[in-house]
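Student: requesting a structural model of the entry that follows:
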Amino acid sequence: MIRVLVVDDSALVRKVLSDELSREADIEVVGTAIDPYVARDKIIALQPDVLTLDVEMPRMDGLSFLARLMKHYPMPVVIVSSLTPAHGELALRALDLGAIEVVSKPGSALTTPDVSRRLVHAIRAAAAAGTRVRTRIASPATAGPLPAVHIETTHKVIAIGASTGGTRAIESVLRAFPADAPGTVIVQHMPEAFTNAFAQRLNRAAAMEVREAKDGDLIVPGVALVAPGSRHLVVQRSGAHYVAHLRDGPPVHHQRPAVDVLFDSVARAAGQNAVAALLTGMGVDGARGLLAMRKAGARTFAEAEETCVVYGMPREAMRIEAAELAVPLPAIAATLLDAVTRPIQPAVETAS
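Tutor: Down below sits the predicted model:
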């Protein structure tokens, strides 16, 4: 049973979240709190496994409380925020401070069942992260870009997929890419409106250009495209170019965008001209698509267990032999860049 404390200044939101979570057999809402001061006392008294936290509250904002919590009493936290550009940036700052996941509030462009499903998934992922909350990889800000690789990249594509814990992992990878890295396409499970803020943050951190994908964008060297929340990202070949297209379609593995959709399309469009990495995340999304890429001749990798916040998606990729190698996060960028110029290695191995 996952014990949850709900923290939000809105009585309506506290009730809706509590009611929806209480429908799940493996989740127990042990209490609610109107602000961080009440939350502090209830955390001590109730010992919850996971905290849901709003970012804007009276007396103390959620970010200030999160920073203090992670310093003195680290625990898995899921941010529940309104879908606005300002809240998108605040939510990303919360992930930097140690939050596990971000989901949208009921009524912010999504129905209550949509929010409930995403929140339940996030809480299970946060509970699975457990003790890894304090054993994150050192901040990617300490990493610099690798030396320019000086390779022909016109017909190469790098595909990256991630979920829980992926925002920091993807930033770590892109920071280590040179400005002329191969065209890169990215799916990070994240609510609509947060992905644009995420892309802007990556753009400030990386040497290459990073932006939220638009339908018809060319996939070219030096540019990374992030799938927008609520749209699938697919890659197609058009003459001498690879083109990004956005699709509505049904969710896959309860996700839109889904990593499987992206990887499947890259397998068809690029085949052996592609490389891919499946990073930290709960569930199985991306494993089947990674296998399709490997069968099509692409180089494929999964993040190693020791650096994952949640070792779910990479574990499934290794189980079905979709990834030829398990690679710790700090080595993934170099591995991807090296793989651009090397033929596929058929054996499934584990990096030392």
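Student: ok, the nearest residue to P251 once chain neighbours are set aside - how many residues close by?
Tutor: Of all residues not flanking P251 in the chain, A258 sits nearest, at 6.8 Å (C-beta to C-beta, 6 or more residues apart in numbering). Yep, even glycine has a C-beta here, placed from its N, CA and C like the rest. A258 is flanked by 24 other residues according to other C-beta atoms under 10 Å.
Student: any idea how far R124 is from S265?
Tutor: 28 Å (C-beta to C-beta, to the nearest Å).
Student: could you measure from the residue nearest to P251 over to G161?
Tutor: Between A258 and G161 the computed distance is 9 Å (C-beta to C-beta).
Student: what do those two both touch?
Tutor: By C-beta atoms under 8 Å, 6 or more residues apart in numbering, A258 and G161 have these common neighbours: 187, 285-286.
Student: of those, which belong to strands?
Tutor: V187 (DSSP state E).
Student: and which of the shared contacts of A258 and G161 is nearest P250?
Tutor: D285 (13.6 Å; C-beta to C-beta).
Student: which residues touch the closest one?
Tutor: Per C-beta under 8 Å, 6+ apart, neighbours of D285: 161, 163, 189, 252-253, 255, 258-260, 313.
Student: again, only using 7 Å
Tutor: 163, 252-253, 255, 258-260, 313 (C-beta atoms under 7 Å, 6 or more residues apart in numbering).
Student: would CSV of those with secondary structure and pLDDT be doable?
Tutor: As requested, these are exported to CSV (DSSP: H, G, I helix; E, B strand; the rest coil; pLDDT from 0 to 100):
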residue, secondary structure, pLDDT
S163, coil, 96
V252, strand, 96
H253, coil, 94
Q255, strand, 94
A258, coil, 98
V259, helix, 98
D260, helix, 98
M313, helix, 97
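Student: out of those, the closest to R118 would be?
Tutor: Among the contacts of D285, and counting by C-beta to C-beta, the member closest to R118 is Q255, at 9.2 Å.
Student: what is that closest one paired to in the beta sheet?
Tutor: In this entry, Q255 is beta-bridged to V252, by DSSP bridges.
Student: surely it touches P191?
Tutor: No - assessed by C-beta atoms under 7 Å, Q255 is found out of contact with P191, at 11.0 Å.
Student: so E192, which state does it fall into?
Tutor: Classification of E192 using DSSP: H, G, I helix; E, B strand; the rest coil returns coil.
Student: how about the nearest residue to it, chain neighbours excluded?
Tutor: G229 (3.5 Å).
Student: test my guess that that neighbour contacts A197.
Tutor: No - using C-beta under 7 Å, G229 is not in contact with A197; the gap is 10.3 Å.
Student: what sits in contact with each of these two?
Tutor: When contacts are counted by C-beta under 7 Å, 6+ apart, G229 and A197 have no shared neighbour.
Student: re the thing from before, quick one: which of R124 and S265 has more around it?
Tutor: S265 (25 against 21).
Student: still on that earlier bit, just to check, the residue nearest to P251 is in contact with H232?
Tutor: Yes - checked against C-beta under 7 Å, the pair A258 and H232 is within contact range at 6.2 Å.
Student: mind listing the helices for the stretch 51-200 of the chain?
Tutor: For the stretch 51-200 of the chain, the helices defined by DSSP state H, counting those that start in this stretch cover 62-72, 85-97, 112-129, 166-175, 194-205.
Student: how far does the following helix or strand past the last one sit from the chain's center?
Tutor: Proceeding C-terminally, helix 194-205 gives way to strand 209-212 as the next helix or strand, assigned by DSSP states H and E. Computed by C-alpha atoms, centre = their mean, to the nearest Å, the chain-centroid distance of strand 209-212 equals 16 Å.
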